[in-house]
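**Student:** A predicted structure for the sequence below; I have some questions about it.
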Amino acid sequence: MMQLKEVLKNKGGEPVVVPEASTVASAIRTMNAKRVGSVMVQGPGGEPMGILTERDMIRLYADGESDFETMLVKDWMTTNIYVCKPGDTVGEALTVMTAKRFRHIPVVEDGRMVGVVSIGDLVKAKLEETAVEAQALREYINS
């Protein structure tokens, strides 16, 4: 069973973070520049304080909010976030993400965020894991 630390290692890169005092417009520009669907809001000790996602932006706009240059991330981020540990399995994280309808989960070790996994990262890892298992079974059958 593949663990999240392996997914993060294969994925590479640091989590995309913004300070809580950032504007929503700045967070949008960061997401666009990094080509990601969310930004984590990180506290001074490296702990995740919240998340701001593309879906949040759509809801804000649909609700009539449009002054993204003055709106602060800390006022609009989702603060009730679920976190995983590096030793959690891909299957465990997928189960939580499916049940809670999350698309991104921070991975935290010793209170500090070490990465973020998306549903796409986990599906890719699960497909690779399944392909390896299938190959092993084919080799076993043919031997």
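**Tutor:** Sure thing, it's come through.
**Student:** Look up how far Val83 lies from the residue nearest the centre of the chain.
**Tutor:** Centroid-nearest residue in the chain, with C-alpha atoms, centre = their mean: His104, separated by 3.0 Å. Distance, His104 to Val83, by C-beta to C-beta, to the nearest Å: 11 Å. (C-beta placed from N, C-alpha, C; glycine too.)
**Student:** Please apply the same query to Leu8.
**Tutor:** 13 Å.
**Student:** Give me the more crowded residue out of the two.
**Tutor:** Leu8 (19 against 16; other C-beta atoms under 10 Å).
**Student:** so what's the more buried one up against?
**Tutor:** 86, 107, 114-115, 117 (C-beta atoms under 8 Å, 6 or more residues apart in numbering).
**Student:** got TSV for those residues, with neighbour count too?
**Tutor:** Output for these, formatted as TSV (neighbours: other C-beta atoms under 10 Å):
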residue	neighbour count
Pro86	16
Val107	23
Val114	17
Gly115	23
Val117	24
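**Student:** can you put those residues in CSV and add pLDDT and distance to Val17?
**Tutor:** Below are the contacts of Leu8 laid out as CSV (pLDDT from 0 to 100; distance: C-beta to C-beta, whole Å):
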residue, pLDDT, distance to Val17
Pro86, 95, 18
Val107, 93, 13
Val114, 90, 12
Gly115, 91, 11
Val117, 94, 15
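**Student:** Among those, which ones are in helices?
**Tutor:** Applying DSSP state H to the contacts of Leu8, no entry is found in helices.
**Student:** outside of the longest helix that the chain contains, which residues touch it?
**Tutor:** The longest helix of the chain (DSSP H) is helix 119-142. Residues from elsewhere that reach helix 119-142, judged by C-beta under 8 Å, 6+ apart: 1-2, 6-7, 10-11, 90-91, 93-94, 97, 102-104.
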